[in-house]
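Visitor: sharing a sequence plus its predicted fold:
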Amino acid sequence: MPSGMKEFKCEVGTLFMTKLDFQNVVRTYAVENAKELKFKKNDKEGMRVTCKGEGYEWEMYCAKIKGEEPWKLRKVTEGDHTCAPEFRVKMINSKWLGSKLHTRVRENRDLQVTTIMQRAQHKLGMGVNRSKAYRAKNYVVEFVEGSFREQYRRLHDYGKELIRSNPHSSITITSTPYIGTKASLENPDAIVCPHFQRMYVCFKGCRDSFFNCRPIIGLDGCFLKTPYGGMLLAAIGMDPNDQILSISYAIVEGKTKESWEWFLELLITDLGGTRLCKTYTIISDQQKVK
């Protein structure tokens, strides 16, 4: 898609990989030129775009190539297109507006609806009402969270790739049974799916390097700022150059006694067992309590 479409000229024969690609180009053209366009024809075979203003011979017709996936621009009628600019272009829908907010929402999931309205007016020169801005935010939040869900589904593939590229490393992934909202415990036919619980990673190179470092291990944890939360636990050492050496880390559901025990048991196993680990000094930020 062109980065700027104020001077964009549609040419007969232009190919679009999908119908949605053509729709997005039309919407972007309408917004950047402040023109009120409409899809006069919109079906599985073709799309016809015209200007809502009367007396203007401006039209584009795009049709699907028979037997293939791409769409091809068949006709372009570029008459005098001098209708007055529109401040509220109805062709801006929530999905199109949401697609412009992906980066902003990834950085700040609590982006305010009023901020979206202000940015639309400042960046696009378009007025967007509150309901459309709200739907756009919901759309992009669902899109971003959906990408997170897909990444969690690929964790086992990621673990296998780590083992392949780092032989003899320790990768442990655990899950818990999960029943979807449409099912119930009383339903015997309910499909129980695995739900991510914890992940532990200790690379062989880091583990071997620690044996040549000072016998000091630092433990700490921090919150993960993601839609699904969780905690990052880490074990670090200090090499002869007083540089930090990562020994292992884990993603867990929370900073609980059970999650720490699980993490430390795996760490002790990787570092040679209980007898050898008794010779190490372990430091944490845990404060003494009565």
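Guide: Structure received.
Visitor: shaky segments in this protein?
Guide: Scanning the chain with the threshold set as pLDDT under 70 gives 1-9, 53-56, 79-82, 84-88, 125, 145-147, 178-192, 286-290.
Visitor: hmm, try it at 50
Guide: Within the chain, the ranges that satisfy pLDDT under 50 run 1-3, 181, 183-185, 289-290.
Visitor: domains in the chain, by residue range?
Guide: Per automatic domain parsing, the domain ranges recorded for the chain read 6-86, 92-153, 155-284.
Visitor: in stretch 21-40, which residues are buried?
Guide: For stretch 21-40, burial by neighbour count (16 or more other CB atoms under 10 Å) applies to 22-37. Where you see a C-beta, it was placed from the backbone N, CA and C, and this is true even at glycine.
Visitor: which single one of these is nearest to residue 247?
Guide: Of all these, residue 24 has the smallest distance to residue 247: 47.6 Å, by CB to CB.
Visitor: isn't that closest one right up against residue 96?
Guide: Yes. Taking contacts as CB atoms under 8 Å, residue 24 lies within contact range of residue 96: 6.7 Å.
Visitor: contacts for the longest helix seen in the chain?
Guide: In the chain, assigned by DSSP state H, the helix with the most residues is helix 130-153. Here helix 130-153 makes contact (CB atoms under 8 Å, 6 or more residues apart in numbering) with 92-95, 97-99, 101-102, 105-106, 109, 111, 113-114, 116-117, 120, 128, 196, 226-228.
Visitor: and with 7 Å instead?
Guide: 94-95, 97-98, 101-102, 105-106, 109, 111, 113, 116-117, 196, 226-228 (CB atoms under 7 Å, 6 or more residues apart in numbering).
Visitor: picking that back up, what about the buried residues of stretch 21-40, which are in helices?
Guide: Judged by DSSP H, helices contain the following of those: 22, 23, 24, 25, 26, 27, 28, 29, 30, 31, 32, 33.
Visitor: ok, and the closest non-adjacent residue to the fifth one?
Guide: If you skip the residues right next to it in sequence, residue 26 has residue 49 as its closest partner in space, 5.4 Å away by CB to CB, 6 or more residues apart in numbering.
Visitor: give me the beta-bridge partners of that neighbour?
Guide: Using DSSP bridges, the bridge partners assigned to residue 49 are residue 39, residue 60.
Visitor: quick one: it from residue 29, how far?
Guide: For residue 49, the distance to residue 29 equals 9 Å [CB to CB, to the nearest Å].
Visitor: quick one on the thing from earlier: now do the longest helix of the chain: distance to the chain's middle.
Guide: From the chain centre to the centre of helix 130-153 is a distance of 8 Å (CA atoms, centre = their mean, to the nearest Å).
Visitor: roughly how far does residue 15 sit from residue 63?
Guide: Computed as CB to CB, the residue 15 to residue 63 distance reads 11 Å.
Visitor: between these two, which one's more packed in?
Guide: For residue 15 versus residue 63, neighbours defined as other CB atoms under 10 Å are more numerous around residue 63 (16 against 13).
Visitor: the more buried one sits in which helix or strand?
Guide: Element membership for residue 63, per DSSP states H and E: strand 58-64.
Visitor: leaving out chain neighbours, which residue sits closest to residue 277?
Guide: Computed as CB to CB, 6+ apart, the closest residue to residue 277 that is not its neighbour in sequence is residue 268, at 5.0 Å.
Visitor: same for the helix or strand containing the one you found, what does it pack against?
Guide: Residue 268 is part of helix 257-270 when elements are defined by DSSP H and E. Applying 3 or more CB pairs under 7 Å, 6 or more residues apart in numbering; DSSP states H and E, one finds that helix 257-270 makes contact with strand 170-179, strand 192-202, strand 244-252.
Visitor: need the contact partners of the helix or strand just after it.
Guide: Next helix or strand after helix 257-270 toward the C-terminus (DSSP H and E): helix 274-277. Outside helix 274-277, the residues that touch it by CB under 7 Å, 6+ apart are 268, 271.
Visitor: adjacent strands (with direction) for whichever helix or strand comes after helix 274-277?
Guide: Remark: after helix 274-277, the chain's next helix or strand is strand 281-284, criterion DSSP H and E. According to DSSP bridges, strand 281-284 forms sheet pairs with strand 216-223 (parallel).
Visitor: chain center to the partner strand: distance?
Guide: Centroid separation for strand 216-223 versus its chain: 28 Å, with CA atoms, centre = their mean.
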